[in-house]
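J.: Attaching a predicted model along with its sequence, questions to come.
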Amino acid sequence: MTDLVPINRALISLSDKTGLDTLAAGLARHGVELVSTGGTAAKLRELGHDVRDIADLTGFPEIMDGRVKTLHPKVHGGLLGVRDNPAHCAAMDAHGIAPIDLVVVNLYPFEATVAGGADRATIIENIDIGGPSMIRSAAKNHIHVAVVTDPADYAELLAELDHNSGATSLDLRKRLAAKAYALTASYDSIISQWFAFADQGQRFPETWVFANKLKMPLRYGENPHQRAALYIPIGPHAAGIAQAEQVQGKELSYNNLNDASAALDLAAEFRDGPPTIVIVKHANPCGVASAASLAEAWQAALACDSVSAFGGIVAANCPLDGATAEAIAQIFTEVVVAPDADSDARAIFAKKKNLRLLLTGELPDPLRGGQTLAVIAGGLLVQDRDNGHVTRDQLRCVTKRQPTEQEIADCLFAWTVAKHVKSNAIVYAKDGATAGIGAGQMNRRDSARIAAAKAIEAAETQGWPEPRTVGSAVASDAFLPFADGLLAAVEAGATAVIQPGGSIRDDDVIAAADEAGLAMLFTAMRHFRH
């Protein structure tokens with residue numbers, strides 16, 4: 001086995017013909033014979049290059065509308081023959097099989113065809129068969145054959161040919177082979193997902209294959225001793241924090257992206273509403289507010305828990321302006337996420353060299369479908385994403401006292417935030433702003449007490465005469481199993497409650513609410529978040 005393998009014959013079959021002229025000219029410079037298929041051969045001739053038709057190599061015409069053209073022993077024998085194996089060489093000589101040293105192939109645009117709304121027959125016709133077969137044959141025999149599947153690799157290939165007098169190195173062939181198998185695997189994964197989800201309407205197919213592409217390595221994982229990276233799905237997927245443009249700031253860490261994603265998802269709940277600010281710490285919101293302006297929303301959100309906001313993640317549901325940026329810049333903030341930022345805001349943030357500014361262009365649709373994954377030891381947990389949404393008309397009042405219009409608005413606001421708080425979650429809200437948030441406790445009573453304690457601390461910090469929980473609405477992400485959680489909310493000054501209902505002790509909780517003079521709404525929907 002030799003490291004350097006001269007390229008004497010190349011087979012080129014391209015759907016995406018980007019860079020073809022440069023590639024062909026570079027190969028011709030080294031006297032490489034070009035063999036090609038229909039459309040690619042025609043393009044090469046149009047560009048003025050000499051090319052041999054695949055039918056001339058195989059002695060067999062392209063048939064069945066091009067479905068069968070490269071599926072032939074003289075193609076795959078030329079790719080798979082082991083050049084230093086005497087038996088393989090004898091078989092090639094006996095059957096007139098010429099070696100092929102380079103394959104340059106990219107595949108039918110299956111994903112783009114699906115995304116374009118094509119009918120089923122057209123989608124099926126855009127499943128490439130010959131291309132993956134040639135790629136896999138060449139990649140298997142990479143000891144002797146180079147395979148290029150990405151126009152971005154043409155320059156490296158030609159540079160190596162120039163450096164090695166028309167030959168490729170084993171290191172390059174190994175890298176290209178690995179990339180080739182990743183391509184065919186991801187291509188097949190997209191096709192299998194289309195068959196399972198779109199064509200067959202399955203929710204949980206027996207075998208679910210999905211592929212992802214590395215976007216970038218990260219500074220570290222949840223802790224500095226853990227390495228981490230960001231991958232983006234290959235195939236249809238919603239745009240989110242992974243597609244955001246980083247305008248400035250340090251490299252992102254695992255925690256930065258995880259928290260920024262949580263903040264963006266919650267901000268997206270208000271994408272059709274008034275200016276809204278979300279402040280997140282360790283994937284939990286610690287302050288959320290809607291107001292007439294982003295700057296006002298920032299002040300109201302920050303006031304909820306200014307201690308936790310230090311070193312947090314901020315997300316806005318609309319483009320950032322200079323006044324809001326100036327206010328945010330007054331405290332240490334790790335990441336700011338927004339659809340856009342005006343020139344004043346960018347200039348202000350630019351003075352904070354370490355602050356990461358991520359611009360998303362649009363906000364994700366909170367009602368979108370899809371699934372979420374969680375890795376557990378030995379497997380994956382897969383579920384529909386929580387796109388549950390409750391409207392005012394779906395609320396059911398179960399107490400003697402009916403809520404006021406303001407209480408209904410505060411209930412819905414608190415309920416929306418509670419959906420994004422780790423369970424057990426309790427959220428107090430008043431006048432479009434969170435008043436206190438209790439997250440991640442093992443019982444609901446403690447979450448209610450923690451939220452109330454944060455509200456008391458906020459009042460002391462801000463110099464308010466009383467906590468904002470007084471006269472507030474309180475949301476519970478799951479039903480209140482006992483009256484103690486409700487009584488904690490009463491102690492905090494809440495006047496309205498929103499919860500799923502459904503406990504065997506609902507009657508006891510309703511009676512406690514009636515005795516306290518509260519209004520209570522049932523949603524019949526739970527929002528556990530772990």
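T.: All right, it came through fine.

J.: So what does the residue in the chain sticking out farthest from the centre have for phi and psi?
T.: Using Cα atoms, centre = their mean, the residue of the chain lying farthest from its centre is Ala94. It sits 52.9 Å away. Main-chain dihedrals, Ala94, degrees, to the nearest 10: phi -60, psi -30.

J.: What are the buried residues along the helix ranked longest in the chain?
T.: For the chain, the helix that runs over the most residues, judged by DSSP state H, is helix 170-193. Across helix 170-193, burial judged by 16 or more other Cβ atoms under 10 Å covers 170, 172-173, 176-177, 179-181, 183-184, 186-187, 189-191, 193. For glycine as for every other residue, the C-beta is placed from the backbone atoms N, C-alpha and C.

J.: how about that helix as CSV, C-alpha atoms only?
T.: The C-alpha trace of helix 170-193 is given here as CSV (Å, rounded to 0.1, in the frame of the first residue of the first chain):
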residue,chain,number,x,y,z
LEU,A,170,-4.0,8.8,2.4
ASP,A,171,-4.7,11.4,5.1
LEU,A,172,-6.9,13.4,2.7
ARG,A,173,-8.6,10.3,1.4
LYS,A,174,-9.4,9.2,4.9
ARG,A,175,-10.9,12.6,5.8
LEU,A,176,-12.9,12.6,2.6
ALA,A,177,-14.2,9.1,3.2
ALA,A,178,-15.4,9.9,6.7
LYS,A,179,-17.2,13.0,5.3
ALA,A,180,-18.7,10.9,2.5
TYR,A,181,-20.2,8.3,4.9
ALA,A,182,-21.6,11.1,7.1
LEU,A,183,-23.3,12.5,4.0
THR,A,184,-24.9,9.3,2.9
ALA,A,185,-26.0,8.6,6.5
SER,A,186,-27.6,12.0,7.0
TYR,A,187,-29.1,11.8,3.5
ASP,A,188,-30.8,8.5,4.3
SER,A,189,-31.9,9.8,7.7
ILE,A,190,-33.8,12.6,6.1
ILE,A,191,-35.4,10.2,3.7
SER,A,192,-36.4,7.8,6.5
GLN,A,193,-37.8,10.6,8.5
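
J.: Show me what that helix is packed up against.
T.: helix 110-115, helix 130-140, strand 146-148, helix 154-163, strand 211-217, strand 229-234 (3 or more Cβ pairs under 8 Å, 6 or more residues apart in numbering; DSSP states H and E).

J.: report the angle between the axes of it and helix 130-140?
T.: Counting by axes from the mean of the first three to the mean of the last three Cα atoms, to 10 degrees, helix 170-193 lies at 140 degrees to helix 130-140.

J.: Any idea how far helix 170-193 is from the middle of the chain?
T.: Mean-position distance between helix 170-193 and its chain equals 21 Å (Cα atoms, centre = their mean, to the nearest Å).

J.: now do stretch 471-487
T.: Worked out by Cα atoms, centre = their mean, stretch 471-487 lies 34 Å from the chain centre.

J.: cool, stretch 452-459 as well?
T.: 36 Å.

J.: likewise stretch 156-166?
T.: Centroid separation between stretch 156-166 and its chain, computed with Cα atoms, centre = their mean, is 37 Å.

J.: Can you give me the end-to-end span of stretch 290-308?
T.: 19 Å (Cα to Cα, to the nearest Å).

J.: and for it, what are the contacting residues?
T.: With contact meaning Cβ atoms under 8 Å, 6 or more residues apart in numbering, stretch 290-308 is reached by 270, 273-279, 281, 286-289, 309, 314, 316, 318, 320-321, 323-324, 327-328, 331, 413, 432-437, 454-455, 457-458, 461-462, 468.

J.: if you set the cut-off to 6 Å instead, what comes out?
T.: 273-277, 279, 281, 286-289, 309, 316, 323-324, 327, 432-434, 454, 458, 462 (Cβ atoms under 6 Å, 6 or more residues apart in numbering).

J.: Then stretch 189-203?
T.: Residues outside stretch 189-203 that contact it (Cβ under 6 Å, 6+ apart) are Glu111, Val114, Ile127, Pro205, Val209, Phe210, Ala211, Gly235.

J.: before we move on, the earlier item: which ones among the contacts of stretch 290-308 are found in strands?
T.: Thr276, Ile277, Ile279, Lys281, Cys286, Gly287, Val288, Ala289, Ala316, Ala433, Thr434 (DSSP state E).

J.: can you put those in a markdown table and add pLDDT?
T.: What follows is the ones in strands among the contacts of stretch 290-308, written out as a markdown table (pLDDT from 0 to 100):
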| residue | pLDDT |
| --- | --- |
| Thr276 | 98 |
| Ile277 | 98 |
| Ile279 | 98 |
| Lys281 | 96 |
| Cys286 | 96 |
| Gly287 | 97 |
| Val288 | 98 |
| Ala289 | 98 |
| Ala316 | 98 |
| Ala433 | 98 |
| Thr434 | 98 |
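
J.: Just the buried ones among the residues you listed, please.
T.: By 16+ other Cβ under 10 Å, those give Thr276, Ile277, Ile279, Lys281, Cys286, Gly287, Val288, Ala289, Ala316, Ala433, Thr434 as buried.
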